[in-house]
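1. Pasting a predicted model and its sequence here:
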Amino acid sequence: MQRIFLYMLFCFTVLQTRAQQQIVQKIFGLQTQNVSEHIIQMNNGDFIFNNTGFNPSTLTELSSDLIRVDSSFNLIWSKRYFFSNNRIRIAFFEEVSSDTIIAVGGIYNTTNSYAGLALLMIDGNGNCITAKIINNLGAFYISGIERSTDQQMFVLYGKYVATSFYDERMHIMAYDKNLNFLWGKHYTYGYHDNITSAKFYLNNGLLIMANSAGNVDSSSTEPCCNVLLIRLTNTGNSIWVKRIGNMPNLHPGGDDVFAGSVLVLQNGNIINAVETNYFAGFPYTDIIIQKTDTSGNEINAVQIGNYATQFEYFSQIFMNINSHIFIRYRFTSNMILDDNLNFIAYKRIIPNTGSFGASRQIPLRTGATAVLGSRTDIDKTEIIQTDSIANIGCYQLPTITFPYQQVSFPNSIPMKTLQDSSITIQDSSITINTISVSYSDSLLCMTSTATTEYSNNDSLTIYPTVFTNGINIRNNIENTLLVELLDTSGKLLLSKNLTSNYINLSSVSKGLYFLKIISKSHIKTFKIIKQ
C-alpha cells in the first residue's frame, strides 16, 4: 500500500511539472443582448463571471446574473439575485475563502432606478449566505474590489460625489470577510478625484492609483490632470504620495496624464500603467508602463505608441505566474513584457469569427489567461482561455506591431498636500432571494499546447528535511501558502495556511512524512523525516 501511494505521489508530481495548456473558446447567452464585465478563477479552477441582459432595441437592462463554469467552461449554475422585488446588478466579486465569494452590486427597482448598494456573501452553489445594504453612502461610483488573505479584509474603491460635479473625492471602504465594516476614507487633491486601481501592498497596507484634476494657477508647472500613486497603511493613512510622470520629458508643452492600473511585485517594487494625452496637430494617446522602487521613484519606463503613428488606449495590466506582464489595450490586444519591461510578444486576443470586445482578462494558475468579452454580432458573451503567451487556439488574427521605446518619465512630490478624512458607514442586514436561470452555451474551439505549468526551480524550498521541531520554508513565489502534512499511507494529518516562513511540527511522532506546499500557482511535495 505504501509503495502504491509513493508511486501515485511521484506521478502526481511529474504531472504538475509537465502539462498541457488547454485553449478554449465558448459563447453563452440569454435571448437578449448580453454584456459581461467581470470574471474570477476560484481556488478549485472553476470560473465565475457576471452577465447583464439588455433589450437590444432600447438598451434597457433586463437582468443581472452570476454564472459558474468549470475549468473547461462547462456550465455549473447561473443565478439571479433580488432584494424584495428589486434586481441586484452584481458588478464586482472576489473569492474570500474556499468556495465563498463576496459580491457588490447596485440595487435597482422595477423602473430601473438605482436604490442603494448591496454586499453579498455567496456560497459555492450560488446561494446567498448573508447580505447587507449600505444606507448612507450616497453617490459612490465603484471602480473595483480588491481582497487580501494576509490582511483578512477586502476594499471597495472609486469616487464619491459629495456635493456637485466640482467635489468628487477618492473613496475607499474596508471590510472583513464577514461583511463587517472596518474603516473608510475620503482623499482630496483636486476637485475631480477618482481611485482607478488598488492593490494590497505585500502583507502591509495598500497601494492606490488615482486621477486628480483641478485648477492650476499661472505660476504652477503642475498640469491640471495628474495621476497620483499613494501608499497607505492597513487603516488607510497616507505613507507617501507621488505624482506620476513628467510630460515635458516626452512632448514639449506637456499636456495630461491619466491613470490606468498598478501591480505590486514580490520585492515591493511597483509597475504602473498610465495614458498620456497630447496635441501634435491632432490629439494623440500613448501608454506608458513604468517600474518604480518601493517609494514610487522611477527605475525605468517604456512608451507604447507615439505621435508619428497611431494612438493606443489602455485597458488593463496584470502579471502571470511566469512574471510576464500583460498589457491589454484597444479591447483586443496584448503586449507582453518581462518584469524589467523588456518586450516578449504582441498578440491579438480576438477571434476573427465576429465583432468581439474584451472587457476583462485574468491570469490563471497555469500561466495561461482567460478573456471575457462580448460578441456584438450575435449579442452573446464569449470566454476565451489562451495559453501563456496569449494564443487563442483558432481564428486568431495576425500579429501586428506597435512602436515601443524606452523613455524617461520621472515621478515627483505633488505640489499640494493630500487631504484625507474618515467616514462612517451605516449598513443593515437584508434578505436576498435567488432564482436559477437557464443559459445557452456553444463551444467554438478547443485545442491544447504543451507547456510547463509548474516550473521545477528553487523558488519554493524547505530545510532541513530531517528535523526535530520544525521546517523552514524559503518562498519566492507568493505571500499565501497552504501547507499539508501527510503520512506514508496518504492520510492528511495537518492542513493550515502558512503566515510565516516556519512551520512547527514538534507535536508529530518520529517517522517519515510528506509535506505538500500549495500556492495559487505552484504545488510542491517534499519528503521529510522527524527524528
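-> Perfect, I can see it now.

2. Specify the beta-bridge partners of residue 172.
-> residue 157, residue 185 (DSSP bridges).

3. I'd assumed residue 182 was in contact with it.
-> No. The pair residue 172 / residue 182 is not scored as a contact, 10.9 Å apart, by CB atoms under 8 Å. Where you see a C-beta, it was placed from the backbone N, CA and C, and this is true even at glycine.

4. Neighbour count for these two, which is higher?
-> residue 172 (25 against 17; other CB atoms under 10 Å).

5. Provide a list of residues in contact with the more buried one.
-> Applying CB atoms under 8 Å, 6 or more residues apart in numbering, one finds that residue 172 lies in contact with 155-157, 184-185, 187, 195, 198, 206, 208, 236.

6. and what of residue 68?
-> Residue 68 neighbours (CB under 8 Å, 6+ apart): 46-48, 75-78, 124, 126.

7. run the last query once more with 10 Å
-> Residue 68 is in contact with 42, 46-49, 75-79, 101, 122, 124-126, counting by CB atoms under 10 Å, 6 or more residues apart in numbering.

8. still on that earlier bit, and the contacts of residue 172, which are buried?
-> 155-157, 184-185, 187, 195, 198, 206, 208, 236 (16 or more other CB atoms under 10 Å).

9. Give me the nearest residue to residue 292, chain neighbours excluded.
-> Closest residue to residue 292 apart from its sequence neighbours, by CB to CB, 6 or more residues apart in numbering: residue 270 at 4.6 Å.

10. re the thing from before, so for residue 172 and residue 182, which residues contact both of them?
-> Common contacts of residue 172 and residue 182 (CB under 10 Å, 6+ apart): 155, 236.

11. List the strands paired with the host helix or strand of residue 372, with their directions.
-> Using DSSP states H and E, residue 372 maps to strand 369-375. Sheet pairing for strand 369-375, assigned by DSSP bridges, gives strand 356-363 (antiparallel), strand 380-385 (antiparallel).

12. And the first one, what's buried?
-> Of the residues in strand 356-363, those buried by neighbour count under the rule 16+ other CB under 10 Å are 356, 358-363.

13. Closest to residue 370 out of those residues?
-> Residue 370 has its nearest neighbour among the buried residues of strand 356-363 in residue 362, at 5.4 Å by CB to CB.

14. Mind exporting the C-alpha coordinates of stretch 112-126 to CSV?
-> In CSV, the C-alpha atoms belonging to stretch 112-126 read as follows (Å, rounded to 0.1, in the frame of the first residue of the first chain):
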residue,chain,number,x,y,z
ASN,A,112,-34.5,50.6,-13.3
SER,A,113,-33.8,53.4,-10.9
TYR,A,114,-30.8,53.0,-8.5
ALA,A,115,-31.9,52.3,-4.9
GLY,A,116,-28.8,51.5,-3.0
LEU,A,117,-25.6,49.4,-2.7
ALA,A,118,-25.6,45.7,-1.6
LEU,A,119,-22.9,43.5,-0.3
LEU,A,120,-23.5,39.7,-0.6
MET,A,121,-21.7,36.7,0.7
ILE,A,122,-22.4,33.8,-1.7
ASP,A,123,-21.6,30.1,-1.3
GLY,A,124,-20.2,27.8,-4.0
ASN,A,125,-23.6,26.8,-5.2
GLY,A,126,-24.6,30.4,-5.8
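
15. So for it, what gets flagged as buried?
-> Quick answer for stretch 112-126 (16+ other CB under 10 Å): 115-122, 124, 126.

16. which residues does the nearest residue to residue 407 once chain neighbours are set aside form a beta bridge with?
-> Spatial nearest neighbour of residue 407, excluding adjacent residues (CB to CB, 6+ apart): residue 303 at 4.5 Å. Legend: beta-bridge partners of residue 303 under DSSP bridges are residue 288, residue 405.

17. What about residue 303, how many residues nearby?
-> 20.

18. Contact partners for it?
-> 250, 276, 286-290, 312, 403-409.

19. Go ahead and confirm residue 121 touches residue 100.
-> Yes. Proximity of residue 121 to residue 100 meets the contact threshold set by CB atoms under 10 Å, at 6.5 Å.

20. where exactly do the strands run in the stretch 151-300 of the chain?
-> Here the stretch 151-300 of the chain has its strands, by DSSP state E, counting those that start in this stretch, at 153-161, 168-175, 181-188, 192-200, 206-213, 225-232, 238-243, 256-264, 270-279, 283-292, 298-304.

21. Adding mean pLDDT and distance to residue 86, write those out as CSV.
-> Formatted as CSV, the strands of the stretch 151-300 of the chain follow (pLDDT from 0 to 100; distance: least, CB to CB, whole Å):
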stretch, mean pLDDT, distance to residue 86
strand 153-161, 94, 20
strand 168-175, 95, 22
strand 181-188, 95, 22
strand 192-200, 95, 27
strand 206-213, 94, 31
strand 225-232, 92, 34
strand 238-243, 96, 37
strand 256-264, 90, 32
strand 270-279, 86, 37
strand 283-292, 87, 39
strand 298-304, 92, 43
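
22. Make a markdown table out of the ones you listed and add distance to residue 130.
-> What follows is the strands of the stretch 151-300 of the chain, written out as a markdown table (distance: least, CB to CB, whole Å):
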| stretch | distance to residue 130 |
| --- | --- |
| strand 153-161 | 15 |
| strand 168-175 | 12 |
| strand 181-188 | 14 |
| strand 192-200 | 24 |
| strand 206-213 | 25 |
| strand 225-232 | 28 |
| strand 238-243 | 33 |
| strand 256-264 | 30 |
| strand 270-279 | 35 |
| strand 283-292 | 40 |
| strand 298-304 | 44 |
